[in-house]
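Novice: Below are the sequence and a predicted model; questions follow.
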Amino acid sequence: MIDDLIWRAVAKTEAIAAELNAAHLTQPPPEWAIPARSDPAPSPEQIPTLAKGVYRAVSPMLRSRFEAFGRWRLATHGHWLSIGDMAALWGEPDDVLLREIAEMRKVGESDWPNEASALFRPERLSLFAGSDVSNEKIYLFWLDFEDEPELWVYDSNGESRYRDLATYLQAFLDDDVSAAERSWRA
């Protein structure tokens, strides 16, 4: 099931990009405007958190995601990061895109009081996706005694929480933004 959701999300984002890029027929779209996925790394056993050197065990859904591909440029809510990208965020990445994503994440942490990285210890969070030009991002929120991390998603609708990757992908495929209307705050 999760594999099907992942590939349907890929197809949807590629269709959206193709439609947007077709509107400018006078010249081909720039490389940065075309979704792309890198090859997957060997099947991961651990996922880097925001805390340097701290990992969480890979969950079944995340294993499927990372076995499908590495970085996914122009994915849902920014760019989905590879395992290597996530670890590179511990320092000053050589990759310009990663540096810009890291900067946008830090701005959110300092300027948005209810942003996940301002609320929770860094060993509880992984940056799953981020944007280099906006506040769009997805955190994995690692809870004790749960098989899958929650996804905390930030975009123009505000903040949304999803039980797991499958729930998030289904909402994306259904254009369902109702999660932004449900607050976890009292």
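Specialist: Yes, it's here.
Novice: okay, CA-based contacts and neighbour counts for the rest of this
Specialist: Fine.
Novice: in the lengthiest helix in the chain, what's buried?
Specialist: Longest helix in the chain by number of residues (criterion: DSSP state H): helix 2-22. Using 16 or more other C-alpha atoms under 10 Å as the burial criterion, the residues of helix 2-22 that qualify are I2, L5, I6, R8, A9, V10, K12, T13, E14, A17, N21.
Novice: how distant is that helix from the center of its chain?
Specialist: Centroid displacement of helix 2-22 relative to its chain, using C-alpha atoms, centre = their mean, to the nearest Å, is 15 Å.
Novice: pLDDT value on the residue nearest to S134 when sequence neighbours are not counted, please?
Specialist: Ranked by C-alpha to C-alpha, 6 or more residues apart in numbering and with sequence neighbours excluded, the top spatial neighbour of S134 is M104, at 7.1 Å. M104 is assigned 93 on the pLDDT scale.
Novice: what about M104, neighbour count?
Specialist: Number of residues near M104 (other C-alpha atoms under 10 Å) recorded here: 19.
Novice: That one and F128: what is the separation?
Specialist: Computed as C-alpha to C-alpha, to the nearest Å, the M104 to F128 distance reads 14 Å.
Novice: who's in contact with V133?
Specialist: Applying C-alpha atoms under 8 Å, 6 or more residues apart in numbering, we find V133 in contact with E100, I101, M104.
Novice: circling back to that earlier point, tell me the mean pLDDT for the longest helix of the chain?
Specialist: 93.
Novice: where do the helices sit along this structure?
Specialist: According to DSSP H, the helices that the chain contains are 2-22, 60-68, 83-88, 96-111, 116-119, 165-173.
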